[in-house]
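A.B. asks: Build me a model:
(chains A, B and C)
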Amino acid sequence: MNYLDQLNEVQREAVVQTEGPVMIIAGAGSGKTRVLTYRIAHLMEKGVDPFSILALTFTNKAAREMKERIAKVVGGNEARNLWMGTFHSVFARILRMEAEKLNYPSNFTIYDTDDSKSLIRDILKEQNLDDKVYKPSVVLNRISSAKNNLFNWREYQNSTELVSDDNSTGKPKMGMIFEMYSKRCFKAGAMDFDDILYNTWKLFNDFPDVLYKYQLKYRYLMVDEFQDTNFAQYIIVKKLCAQHQNICVVGDDAQSIYAFRGANIQNILNFEKDFDDLKTFKLEQNYRSTKNIVRAANSVITYNKNQLKKEVWTENHHGEKIKVIKALSDNEEGNQVALNIFEVKMNNRLRNKDFAILYRTNAQSRSMEEALRRQNIPYRVYGGVSFYNRKEVKDLLAYFRMAINPLDEEAMKRIINYPARGIGKTTIDRIVVHAAQENVSTWQVIENIHEFKAGINTGIRDKINEFATMVKSWNVMLKNHTAYELASHIASTSGLLTELYNDRTPEGVSHYENVQELLNGIREFSENGKIPLEAPSAEQELPALRTLDFYMQDIALLTDAENEKDGDDDKVSLMTIHSAKGLEFKNVYVVGMEENLFPSQLSVNSRTDLEEERRLFYVALTRAEDKLTLSMAATRYRWGNLIYCQPSRFMEEIDPDCLDLPEEKHAGSFLDDDDDRGGWNNYQQQRNTNTRPGAPRSFGNKPTGSRFGGGQSKSATTPAKPVTNGGGVPQGFRKVNVAVPVQAAADFEAADPSQIVVGLNVEHQRFGKGQVIAIEGRSPENKATILFETQGQKQLLLKFAKLKIIS
DNA sequence: GTATTATCTAAGTCT
DNA sequence: TAGATAATAC
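C.D. replies: Residues are numbered from 1 along each chain as shown, chains lettered A, B, ... in the order given. Here you go, the predicted structure:
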């Protein structure tokens, strides 16, 4: 197969430019993956040893797919020797090999975010600090970005800038918390996500011989999704390629959506400065989407100030306009989307997997799922509460973690008294405090509890000792038993399996089944060497005996999106826009196009955040190949409250020629008695009054009463009332606690308002059946007071209420 | 120390 | 709404 023939000119140039620093700016859908894979294949065809190629991708799935494609060009045997994976998985592996240099055990645990937060909470408690002031998530963020910028706790404390920052925000103890956090992690033989990067840098920095070794080994480096790398990652890459300079990065500044995690678009700009003889290639031809979609996406992204010059274009056909769905509620939005999927699928003879529903937040999946279930459309939700995040699964994994690394403090706290062993909270606190006082690990205290005493009475000390003996016995079994043998042994001897089995409630049964599923996965690994979400490089390093520690190595780094044990893959995909990065679908539905949801409420006060939201929207739009649908709801349940929504400002940023807007009709007010606070009847008005030309709207940096700075407040056209008070709490809205899904909105035949009289039994689409107990005011402004069977008493404006008379 | 109940609180994107 | 924590009774 002559792969070079399948490339356009720029793509081909980028592929054959194998030596020296290369940067590829790849617009959405411009064949970036194709270039990367062919570039690697080309290297191999030229005789480069696959063992000396390292490709860093954003997800393991991307790595796996790329590998498969390379295998088609150069053959599977050669391709399997390539090392491809995420930064975290590749460097975690290197760290395990070099662990003793940093005084870590090679079987170190990887703490996930929950572990980190729980540790921070502990520290706060011990230090008597208020967790309202030092919110664990905020503290962790601060520590995280410090490490991503290669500051350890000591450097943090020495930085006058950071310290005065903390002082001015009223958190002077931040540096101290950072110190304690780092020390505790170290003592527990644990690294968090950021430590994996920080420690890799430290390893390369403090041990030049180690760095030299890897520089020699990986003579060709490739980095995908470069726009989403952070400073630490960038410096590591720079170090690795310092000798041979064979570095190729691929990215698109317009698709940078992980700044919140420390990703830095500046890396793209720095790259030009850091490498003198850099060759840059711009891929601007889009092969994925229709002209209409490309045009819409381009029109949106022009609103961002910060971007590299680039013109994405396509030779594809025009395609349909972007369909806009406006629904009255989140449930109805789901119904309309599901119905639309059904129709489009039937009319065009498509498959379920040609469809994707993308949303801003995971919580939005619920209404979509319900609607798809009603329509009998098979679907698969990516992300959300992933399998590995379920409590019972985490519990069993914590047992495994402790068997492998008994120092693991967070795992210990999780399981030492689950199932109940008479080792309560007070006792655990004493152990932890004592360990801190004696400057040893909690495990040392537990292991030698009779010597340490730690103020714990003999009876409980015996129980702790029993626990320690059990953990040690597992630890001994680690190297001479298969993963499955040990895992099932632990599951039963710990008492966890019995505990779960004894709970015969439906939830209890499902907990038990989940644990069984985990064990089944481990069995498969033991027998076939199949790693659950197979890290691409794993097969070449499988040990003779597939042990539990090997199985556990990457579990913490796996994402649910990569978990594809499901054989039947003809399903509609549901996922956040973030996890849709790099994917494409024939038909894409972007749902929840509402202010304060997308863009997120938390982003609208800062230009940088808002621009990131806009790039996210850009990513969403460019996932679609043929057909794009945007939907929004006039009301939505959030945090258990009904709130009224305005269309997203992004709707106005799309070139109107690309849109296919629905006809306007009265809506919205049927939810409440007076005032029109929501609904879409203002929508057209707003569009018309809005300044359209290419000039970006100005947004004030500080919220100044109006939700938007500058003079173009939306409330100019909707003087009624602001939807929220800025903090997200709906103002002056009565709570409606139970949402009855709108089932078949289309064929609900409402009676004429004049027919509604006191005493009638009526039915309402949303509130169900009820009796009219009063009517006041005169038509057409008359209101009916209706006592609903399930929803209680409500006042409805008759002209909007749509009531069916039952008797 | 444990089990049950009541109360509170947080709710964004991910390795 | 749901998960975590606090209060309560045993």
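
A.B. asks: CA atoms for contacts and neighbours, from now on please.
C.D. replies: Will do.

A.B. asks: and the closest residue to residue A:88 other than its chain neighbours, what does it touch?
C.D. replies: Once flanking residues are discounted, residue A:88 sits nearest to residue A:196: 6.5 Å by Cα to Cα, 6 or more residues apart in numbering. With contacts defined as Cα atoms under 8 Å, 6 or more residues apart in numbering, residue A:196 is in contact with A:88, A:91-92, A:95.

A.B. asks: let's see 7 Å
C.D. replies: A:88, A:91-92 (Cα atoms under 7 Å, 6 or more residues apart in numbering).

A.B. asks: Count the residues that sit near residue A:280.
C.D. replies: Neighbour count for residue A:280, taken as other Cα atoms under 10 Å: 16.

A.B. asks: still on that earlier bit, please tabulate the contacts of residue A:196 in a markdown table and include pLDDT as additional columns.
C.D. replies: Output for the contacts of residue A:196, formatted as a markdown table (pLDDT from 0 to 100):
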| residue | pLDDT |
| --- | --- |
| A:88 | 92 |
| A:91 | 95 |
| A:92 | 94 |
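
A.B. asks: ok, the residue nearest to residue A:88 to DNA strand B distance?
C.D. replies: According to Cα to the nearest atom of the strand, to the nearest Å, residue A:196 stands 9 Å off from DNA strand B.

A.B. asks: CA atoms only: put the helix or strand harbouring that residue into PDB for me.
C.D. replies: Assigned by DSSP states H and E, residue A:196 belongs to helix A:193-206. The C-alpha atoms that make up helix A:193-206 are tabulated as PDB, following Å, rounded to 0.1, in the frame of the first residue of the first chain:
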ATOM      1  CA  PHE A 193      -1.600  12.300  39.000                       C
ATOM      2  CA  ASP A 194       0.600  15.400  39.100                       C
ATOM      3  CA  ASP A 195       3.400  13.600  40.900                       C
ATOM      4  CA  ILE A 196       3.800  11.300  38.000                       C
ATOM      5  CA  LEU A 197       4.700  14.300  35.800                       C
ATOM      6  CA  TYR A 198       6.600  16.100  38.500                       C
ATOM      7  CA  ASN A 199       8.700  13.100  39.500                       C
ATOM      8  CA  THR A 200       9.400  12.200  35.900                       C
ATOM      9  CA  TRP A 201      10.900  15.700  35.600                       C
ATOM     10  CA  LYS A 202      12.800  15.300  38.800                       C
ATOM     11  CA  LEU A 203      14.100  11.900  37.700                       C
ATOM     12  CA  PHE A 204      15.400  13.400  34.400                       C
ATOM     13  CA  ASN A 205      16.700  16.500  36.100                       C
ATOM     14  CA  ASP A 206      18.500  14.900  39.000                       C
END
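
A.B. asks: what's the angle between the helix or strand just after it and helix A:193-206?
C.D. replies: Sequence order places helix A:208-217 as the next helix or strand after helix A:193-206, per DSSP H and E. Counting by axes from the mean of the first three to the mean of the last three Cα atoms, to 10 degrees, helix A:208-217 lies at 100 degrees to helix A:193-206.

A.B. asks: Intersect the contacts of residue A:196 with the contacts of DNA strand B.
C.D. replies: residue A:88 (Cα under 7 Å from any atom of the strand).

A.B. asks: Show me which of the contacts of residue A:196 is closest to residue A:334.
C.D. replies: Ranked by distance to residue A:334 (Cα to Cα), those are led by residue A:88 at 36.3 Å.

A.B. asks: which helices and strands sit right next to the helix or strand encompassing that closest one?
C.D. replies: In this assignment (DSSP H and E), residue A:88 forms part of helix A:87-97. With contacts taken as 3 or more Cα pairs under 7 Å, 6 or more residues apart in numbering; DSSP states H and E, helix A:87-97 sits against helix A:193-206.

A.B. asks: Show me what counts as buried in the helix it packs on.
C.D. replies: Of the residues in helix A:193-206, A:193-201, A:203-204 count as buried by neighbour count, 16 or more other Cα atoms under 10 Å.

A.B. asks: Ramachandran coordinates for residue A:548?
C.D. replies: Main-chain torsions, residue A:548, degrees, to the nearest 10: phi -70, psi -40.

A.B. asks: How about the contacts made by it?
C.D. replies: With Cα under 7 Å, 6+ apart, residue A:548 has these contacts: A:478, A:482-483.

A.B. asks: and the residue in the stretch 601-750 of chain A that DNA strand C sits nearest to, how far is that from DNA strand B?
C.D. replies: Residue nearest to DNA strand C within the stretch 601-750 of chain A: residue A:640 (4.5 Å; Cα to the nearest atom of the strand). Per Cα to the nearest atom of the strand, residue A:640 is found 6 Å from DNA strand B.

A.B. asks: Also residue A:308?
C.D. replies: 21 Å.

A.B. asks: so what's the closest residue to that residue other than its chain neighbours up against?
C.D. replies: Nearest non-adjacent residue to residue A:308, counting by Cα to Cα, 6+ apart: residue A:253, 6.9 Å away. By Cα under 7 Å, 6+ apart, residue A:253 lies in contact with A:227, A:265, A:307-308.

A.B. asks: can you do 8 Å?
C.D. replies: A:25, A:227, A:265, A:268, A:307-308.

A.B. asks: how close does residue A:346 sit to DNA strand C?
C.D. replies: Applying Cα to the nearest atom of the strand, the value for residue A:346 to DNA strand C is 33 Å.

A.B. asks: and that residue, how many neighbours?
C.D. replies: The burial count for residue A:346: 11, using other Cα under 10 Å.

A.B. asks: Ok, residue A:55 next?
C.D. replies: Neighbours around residue A:55, by other Cα under 10 Å: 25.

A.B. asks: and what of residue A:758?
C.D. replies: When neighbours are defined as other Cα under 10 Å, residue A:758 has 14 of them.

A.B. asks: Residue A:162 now?
C.D. replies: For residue A:162, using other Cα under 10 Å, the count is 17.

A.B. asks: Tell me how far the closest residue to it other than its chain neighbours lies from DNA strand B.
C.D. replies: Distances taken as Cα to Cα, 6+ apart put residue A:156 closest to residue A:162, at 6.7 Å, once the chain neighbours are dropped. Residue A:156 sits 20 Å away from DNA strand B, taking Cα to the nearest atom of the strand as the criterion.

A.B. asks: ok, now which ones touch residue A:156?
C.D. replies: For residue A:156, the contact set (Cα under 8 Å, 6+ apart) comprises A:146, A:162-163, A:175.

A.B. asks: So it: helix, strand or coil?
C.D. replies: When classified by DSSP: H, G, I helix; E, B strand; the rest coil, residue A:156 comes out as helix.

A.B. asks: Tell me how many other residues crowd the residue of the stretch 351-500 of chain A found nearest DNA strand B.
C.D. replies: Nearest residue of the stretch 351-500 of chain A to DNA strand B: residue A:422, at 2.7 Å (Cα to the nearest atom of the strand). Neighbour count of residue A:422, defined by other Cα under 10 Å: 14.

A.B. asks: does it really touch residue A:460, like I thought?
C.D. replies: Yes - Residue A:422 lies in contact with residue A:460 (Cα atoms under 8 Å); the separation is 7.1 Å.

A.B. asks: first vs last residue of stretch A:163-175, how far apart are they?
C.D. replies: 7 Å (Cα to Cα, to the nearest Å).

A.B. asks: Buried residues, that stretch. List them.
C.D. replies: For stretch A:163-175, the neighbour count (16+ other Cα under 10 Å) marks A:163, A:166, A:171, A:173-175 as buried.

A.B. asks: likewise stretch A:256-270?
C.D. replies: A:256-259, A:262-265, A:267-268.

A.B. asks: quick one: which of the contacts of residue A:253 is nearest DNA strand B?
C.D. replies: Looking across the contacts of residue A:253 and measuring by Cα to the nearest atom of the strand, the closest to DNA strand B is residue A:227, at 14.2 Å.

A.B. asks: Residue A:40 - that's part of a helix, no?
C.D. replies: Yes - assessed with three-state DSSP, residue A:40 lies in a helix.
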